[in-house]
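In: the following comprises the amino acid sequence and a computationally predicted model.
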Amino acid sequence: MRRATTLGVLIALVALTAALSRAQPASGKIAERVLLDNDTVRLVLVTYQPGADSDLHMNTGPEITIVQDGELALYAKGRRGLLKTGAAHWLPDGTAHLGRNEGSRPVKFWSLLLKRCD
């Protein structure tokens, strides 16, 4: 049963990756302002222009996303969520995910990556 579940998740990720890879952002559509980056945490203010996305990726630690302005589509765990202004989202470490601006105006959000929690 566990193998079937793992296989199903892998197939879903491959299908999601194929579907998402068709819409790659043009150069210059993502701006990042790193406010803090040390051994423990990385805090970045990110701006995605319309159509920009992060590509499918995983972080080695958990991530907190807080939308400051606009709407961010978040694809994770086989689902699509829409984070609106003021929304916050927690991603456990090792979660494959992709963020995308599917709207017509820029989206600004904070990305807080927890690298090490001793």
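Out: In hand now; what should we look at?

In: hang on, Gly70 packs against Arg105?
Out: Yes - checked against Cβ atoms under 8 Å, the pair Gly70 and Arg105 is within contact range at 6.0 Å. Where C-beta positions appear, they are placed from N, C-alpha and C, glycine not excepted.

In: those two: which is more packed in?
Out: Neighbours per residue, other Cβ atoms under 10 Å: of Gly70 and Arg105, the larger number sits with Gly70, 19 against 10.

In: and the residue nearest to the more buried one when sequence neighbours are not counted, what does it touch?
Out: Distances taken as Cβ to Cβ, 6 or more residues apart in numbering place Val107 nearest to Gly70, at 3.2 Å, with adjacent residues excluded. The neighbours of Val107, taking Cβ atoms under 8 Å, 6 or more residues apart in numbering as the test, are Thr47, Tyr48, Val67, Asp69, Gly70, Glu71, Leu72, Asn101.

In: go through stretch 80-91 and flag the buried ones.
Out: Using 16 or more other Cβ atoms under 10 Å as the test for burial, stretch 80-91 gives Leu83, His89, Leu91.
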